[in-house]
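Peer 1: make a model of this:
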Amino acid sequence: MLLNLREIHAFQTIVDCGSLGKAAEVLHVTQPALSRIVKRLEEQLGVPLFERHQRGATLTEYGAQLAPHARLLLNESARAVQAIEALRGMGRGRVRVGAVASALESFVPATVERLLQKWPGLQASVEEGLTEDLLAQLARGEIDLALTFDVPTAPGLERITEGAWQEGCYVVLGETHPLCGRTDMRLADLAEQRWALVPRGLQPREDWQQLFAERQLPVPAASVESKSINLLRRLVAGGGYLGWMPRALFEPPAPNPGQAIRILPLRDVQTTRRYALYRRQESHLSPATGALVEELLVGVRGVVG
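Peer 2: The predicted structure is shown next:
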């Protein structure tokens with residue numbers, strides 16, 4: 001059974017818009033015409049994809065099963081066109097990569113610059129995110145490569161390489177925090193402190209919690225949870241919170257006095273993480289994306305801690 005990309009595009013637009021009426025406006029077709037397109041797709045699959053109601057349309061269980069595959073099909077179709085354009089147009093096209101903040105703060109800018117010097121007609125789309133979010137985007141086909149921290153398993157994804165450099169995370173604080181300058185602290189001394197951290201379920205938070213669990217210490221509650229690295233940095237730099245960050249997120253020091261982030265040395269804490277570069281399994285990399293892989297490999301392998 002071959003699916004029609006026009007019908008898949010219509011299906012995905014309805015999913016994104018939440019109603020046939022809004023989707024018809026986006027697609028510049030009438031609502032009856034859009035209904036006929038969806039009906040053909042439903043007839044081909046032999047199942048209903050939407051439940052229609054006054055406030056819009058919601059996915060049936062069949063539609064929910066199709067949705068992630070539909071998005072991936074459309075993304076792969078766009079990538080195929082871009083790959084042909086890259087070959088035909090001598091370097092035109094677009095490369096899409098997601099990277100964790102510490103990589104963006106260190107070697108990724110120089111990597112992208114080297115790529116665009118070699119392929120001046122390219123467009124580079126660079127997303128910032130946390131490891132788990134970027135790997136999910138990669139699996140959905142929203143990005144072509146993910147430069148994250150190494151994870152034990154990544155279903156449907158292939159690790160191209162991992163960095164030899166082991167990057168440590170540290171308990172950090174602002175210059176005005178009462179504990180700044182102390183060198184005699186242990187993890188147990190921080191139980192009553194306020195923490196600003198990424199949410200539960202994300203690897204940095206899991207690593208942080210494991211520190212306490214391994215020492216049979218109660219895990220403190222986070223006073224602030226956010227996926228925004230900039231927000232966490234501001235809160236920690238302000239002196240009211242402790243944080244848990246890799247060195248690349250707070251060095252070099254902030255230019256404004258009193259806004260620098262410092263490591264709180266602990267006698268009993270030391271952790272490391274590795275960068276890793278991922279792609280989707282069995283996905284075809286365009287020539288431009290392949291060139292980006294080569295540049296990123298240089299960056300990942302060349303980072304010095």
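Peer 1: separation between Val219 and Gln209?
Peer 2: As judged by C-beta to C-beta, to the nearest Å, Val219 and Gln209 stand 5 Å apart. To be clear about C-beta, it is placed using only N, CA and C from the backbone, and glycine gets the same treatment.
Peer 1: show me the strands in the stretch 101-250 of the chain, by range?
Peer 2: Counting by DSSP state E, counting those that start in this stretch, one finds strands in the stretch 101-250 of the chain at the ranges 122-128, 145-149, 157-167, 169-174, 196-197, 224-225, 242-246.
Peer 1: now render these as a markdown table, adding distance to Ser102 and mean neighbour count.
Peer 2: Converted to a markdown table, these look like this (distance: least, C-beta to C-beta, whole Å; neighbours: other C-beta atoms under 10 Å):
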| stretch | distance to Ser102 | mean neighbour count |
| --- | --- | --- |
| strand 122-128 | 10 | 16 |
| strand 145-149 | 9 | 26 |
| strand 157-167 | 7 | 16 |
| strand 169-174 | 10 | 23 |
| strand 196-197 | 16 | 24 |
| strand 224-225 | 19 | 15 |
| strand 242-246 | 5 | 24 |
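Peer 1: re earlier: Val219 and Gln209: who's more crowded?
Peer 2: Neighbour tally, Val219 and Gln209, criterion other C-beta atoms under 10 Å: the higher count belongs to Gln209, 16 against 13.
Peer 1: that one reaches Pro220, doesn't it?
Peer 2: No - applying C-beta atoms under 8 Å, one finds Gln209 not in contact with Pro220, separated by 9.4 Å.
Peer 1: and stretch 178-193, how far out from the chain middle?
Peer 2: 32 Å (C-alpha atoms, centre = their mean, to the nearest Å).
Peer 1: break the chain into its domains for me.
Peer 2: 5-70, 89-166+274-302, 169-271 (automatic domain parsing).
Peer 1: pick the most deeply packed of the ones you listed.
Peer 2: domain 89-166+274-302 (a mean of 18; mean count of other C-beta atoms under 10 Å).
Peer 1: what about it, distance to the chain center?
Peer 2: Offset of domain 89-166+274-302 from its chain centre (C-alpha atoms, centre = their mean): 11 Å.
Peer 1: ok, and what's touching stretch 35-50?
Peer 2: 1, 3-4, 6-8, 10-11, 14, 20, 29, 57-60, 62-63, 66 (C-beta atoms under 8 Å, 6 or more residues apart in numbering).
Peer 1: pLDDT on that stretch, on average?
Peer 2: Mean per-residue pLDDT for stretch 35-50: 91.
Peer 1: stretch 217-233 now?
Peer 2: Regarding stretch 217-233, the rounded mean pLDDT is 93.
Peer 1: next one: it to chain centre, how far?
Peer 2: That offset, for stretch 217-233, works out to 18 Å (C-alpha atoms, centre = their mean).
Peer 1: what is the end-to-end distance of it?
Peer 2: Taking C-alpha to C-alpha, to the nearest Å, the first and last residues of stretch 217-233 lie 26 Å apart.
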